[in-house]
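Colleague: this one's sequence-less:
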């Protein structure tokens, strides 16, 4: 798949490749050197080099898994800013004001979470992998799990899992978000994101004197598959 180029909200060129976003670092002769967007915030060492628009070198030293949602958002921003003349951009409201307006429109045009039906392109990642692991369906409190076969393989090979609903990686869309993390690439990375499972897992804990044992049994019944226990 050839690389894609977009313009960021700061009017800077970015490179999109395999679910990762790169910022331009420098230009040397006919080559452009790119570094992962998370170079500073996440200390990611992912890099790429392009020549005449084509990638001539790319390493795989990313310390996190690719996230198609961020790439999709970067494309939308790039397409929007690319169509607006600089004179018009100067007259636009501030970014926070535009964001508030967008949020108000989004709330009016999007269904409640209990009525949400996930289908079409949202069932797969940007690389074509199946992403929706489990969905209890609309009409009530949803229990949704997002992951991929690759993530499950990483999780199954990990000696330690980290489960909680307070990680900053948990999306704010869901009322009961939960993520399952494991150690990979010398970093703790999110591998499964769920909604409603945490609340449902706690529902029947009064039936056992062992809080942890009860949580695991209930969570296992919700997920519908074997998982590591204590």
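Modeller: Nice, thanks for sending it over. Quick caveat, the model's predicted, so the values are computed rather than measured.

Colleague: separation between the residue nearest to the spatial centre of the chain and residue 48?
Modeller: With distances taken as CA atoms, centre = their mean, residue 67 lies nearest the centre of the chain, 4.5 Å away. Residue 67 is 17 Å from residue 48, where distance means CB to CB, to the nearest Å. From N, CA and C alone the C-beta is placed, and that goes for glycine too.

Colleague: per the record, what domains does the protein have?
Modeller: 1-93, 114-223 (automatic domain parsing).

Colleague: mean confidence for the longest one?
Modeller: In this model, domain 114-223 has an average pLDDT of 72.

Colleague: swap in the first one?
Modeller: In this model, domain 1-93 has a mean pLDDT of 83.

Colleague: Tell me how far the closest residue to the residue nearest to the centre of the chain other than its chain neighbours lies from residue 117.
Modeller: On the basis of CB to CB, 6 or more residues apart in numbering, the spatially nearest residue to residue 67 that is not a chain neighbour turns out to be residue 19, at 6.2 Å. Applying CB to CB, the value for residue 19 to residue 117 is 25 Å.

Colleague: got it, and residue 53?
Modeller: Distance from residue 53 to residue 117, by CB to CB: 39 Å.

Colleague: repeat for residue 107
Modeller: From residue 107 to residue 117 the distance is 18 Å (CB to CB).

Colleague: now residue 191
Modeller: For residue 191, the distance to residue 117 - CB to CB - is 25 Å.

Colleague: Neighbour count for these two, which is higher?
Modeller: The neighbour count for residue 191 versus residue 117, taken as other CB atoms under 10 Å, is higher for residue 191 (24 against 12).

Colleague: In which helix or strand does that one reside?
Modeller: Element membership for residue 191 (DSSP states H and E) is strand 187-195.

Colleague: repeat for residue 145
Modeller: For residue 145, the host element (DSSP H and E) is strand 144-146.

Colleague: Direction included, what does that strand pair up with?
Modeller: Partners of strand 144-146 in the sheet, by DSSP bridges, are strand 132-135 (antiparallel), strand 187-195 (antiparallel).

Colleague: possible to save the domains of the chain as TSV with distance to residue 99?
Modeller: Shown next, in TSV, are those (distance: least, CB to CB, whole Å):
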stretch	distance to residue 99
domain 1-93	10
domain 114-223	14
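
Colleague: Tell me how many other residues surround residue 149.
Modeller: 11.

Colleague: how about residue 23, what does it touch?
Modeller: 8, 12, 14, 15, 34, 35, 36, 37, 39 (CB atoms under 8 Å, 6 or more residues apart in numbering).

Colleague: That one: helix or strand, and which one exactly?
Modeller: Applying DSSP H and E, one finds residue 23 within strand 20-28.

Colleague: and that strand, which strands flank it?
Modeller: Going by DSSP bridges, the partners of strand 20-28 are strand 13-17 (antiparallel), strand 31-36 (antiparallel).

Colleague: Give me the distance from the longest one to the chain's centre.
Modeller: What it means is strand 31-36. 23 Å (CA atoms, centre = their mean, to the nearest Å).

Colleague: Over to the shortest one?
Modeller: Put simply, strand 13-17 sits 17 Å off its chain's centre (CA atoms, centre = their mean).
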